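Student: Got a sequence here, can you build the structure:
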Amino acid sequence: MAKFDCIFKDGAAVKKPDHPRRETKWIHYTKLVDHGAQYCNERDQEEIISLAGLIDADKEVLQNLLVRKIDADEYEIIAGHKRRRACKYLVEAEKKAQYAFLPCTVKHLSDVRAEFQLYSSNGFHEKSDYEKMHELERMKRLLETHPEEFPHLDTGRMVERLAGQLNMKKTTVGEYLTISKNLGEKGKEGFRLGQLKKSAALELSSLAKEEQEQLIDKGILAYKEIRSYKANKEAARQEGPPAGTGSERGTGMEPDPVGPKEIRQLHPAAFQKEDRKEHLILIKMTKETLDAVIHILDAYQELLQEKEGIGQRAVQIEQIKETFLGRHSGER
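Tutor: Okay, the predicted model is just below:
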């Protein structure tokens, strides 16, 4: 019969498992403190009482808390802050001392890794849109500031890296990062309080900070209202500034109702219309505007003279130019 030690001849070693070994350490709830960056807190006390009821029904905390040691006798919670509060409630409010010690897994993490895992472990918490934005904002900062801590996340665009880590769509991640970057402080506060929905916050973030605050002060917080404001603003921009808002305001000179740009855009056939021609002739112009008009008309006349069969229009333009020079000779 073969000896037992011959089975493992040549000193063949048993392969050790390559996954980390986790041990449970029982820690009193008073020795556990929340992480300073924790933001996914309970909605109200009823949520904690409900969780305490589930723990009591199971007669134990089913899942270990994830913690790291920060002092001789103190541990910082990375995941499980609500379980600690539920056990605290059971001990202090319901006098059930058997829940004073909680099962914990102690991890040795740097400050950066601890904060990153704090955000990662909040994946099963029902988060508000603001909390999602905050989570992505902080994770992005950590990845950018401490890339050496995340060698497995050092390739690809930031949006792709975050989307893969949190199992989110890239477009959704991009929208949250846009809000984080461009929404002003007043807008972010409204977003945090739920006054601004995500779609409205995204739309508002495309405006200048001063404009954002003006809309918020007026109570324009809904997506459709912000879209309507932007549409009206764009329509007004395309129509041009109203009369009296030109660069000559306050100089004592009349504004130019038809400037060089408008004349340059006129269709050649428009010069055959008497009302348009008279309107151009009767404009009260400054010297600079008049010079610009004459220059444009000269160039246009040269262009027409190069074409066959449209000499009559060139004659009409020459007549307009002569009229301009005659009526505004004092301004030149």
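Student: What are the boundaries of the helices in the protein?
Tutor: 45-58, 81-92, 111-120, 129-145, 158-166, 170-182, 185-192, 198-204, 209-217, 223-239, 260-264, 274-282, 287-305, 311-327 (DSSP state H).
Student: Could you list the low-pLDDT ranges of the chain?
Tutor: For the chain, the stretches flagged by pLDDT under 70 are 1-20, 39-43, 121-126, 154, 240-332.
Student: Go again with 80.
Tutor: Within the chain, the ranges that satisfy pLDDT under 80 run 1-22, 36-44, 117-127, 150-155, 165-167, 239-332.
Student: List the residues that contact Leu118.
Tutor: Counting by Cβ atoms under 8 Å, 6 or more residues apart in numbering, Leu118 makes contact with His35, Ala37, Gln38, Ile78, Ala79. (Each C-beta comes from the backbone N, C-alpha and C, glycine too.)
Student: So which of those wins on neighbours?
Tutor: Ile78 (26 neighbours; other Cβ atoms under 10 Å).
Student: Quick check: nearest residue in space to Ala100, chain neighbours excluded?
Tutor: Val91 (5.1 Å; Cβ to Cβ, 6 or more residues apart in numbering).
Student: Please apply the same query to Met168.
Tutor: Nearest one to Met168, counting by Cβ to Cβ, 6+ apart, is Leu162 at 7.3 Å.
Student: Roughly how far does the one you found sit from Phe150?
Tutor: Leu162 is 11 Å from Phe150, where distance means Cβ to Cβ, to the nearest Å.
Student: Please apply the same query to Lys95.
Tutor: Counting by Cβ to Cβ, the gap from Lys95 to Phe150 is 45 Å.
Student: And for the residue nearest to Ala100, the neighbour number?
Tutor: Every residue meeting other Cβ under 10 Å relative to Val91 is counted, giving 19.
Student: re earlier: biggest separation within the contacts of Leu118, which pair?
Tutor: In these, the most distant members under the criterion Cβ to Cβ are Ala37 and Ala79, with 12.7 Å between them.
Student: The spatially closest residue to Phe116 that is not a sequence neighbour: neighbour count?
Tutor: Distance criterion Cβ to Cβ, 6+ apart; nearest residue to Phe116, sequence neighbours excluded, is Leu142 at 5.2 Å. The criterion is other Cβ under 10 Å. On that basis, Leu142 has 18 neighbouring residues.
Student: How many residues are close by Cys87?
Tutor: 27.
Student: wait, Asp44
Tutor: Counted with other Cβ under 10 Å, Asp44 comes out at 9.
Student: And it, how far from Ala57?
Tutor: Distance of Asp44 to Ala57, given as Cβ to Cβ: 21 Å.
Student: do Arg192 as well
Tutor: Taking Cβ to Cβ, one finds Arg192 at 34 Å from Ala57.
Student: Counting only strands, which of the contacts of Leu118 make the cut?
Tutor: Among the contacts of Leu118, DSSP state E puts Ile78, Ala79 in strands.
Student: I'd like to know which of the contacts of Leu118 is nearest to Ala235.
Tutor: Once Cβ to Cβ is applied, the member of these that ends up nearest Ala235 is Ala37, at 44.8 Å.
Student: For the closest one, give me its contacts.
Tutor: Glu115, Leu118, Arg138.
Student: Neighbour count for Lys95 and Phe150, which is higher?
Tutor: Phe150 (16 against 7).
Student: Could I get the contacting residues of the more buried one?
Tutor: Phe116, Leu142, Leu143 are the contacts of Phe150 under Cβ under 8 Å, 6+ apart.
Student: run the last query once more with 6 Å
Tutor: Contact partners of Phe150, counting by Cβ atoms under 6 Å, 6 or more residues apart in numbering, are Leu143.
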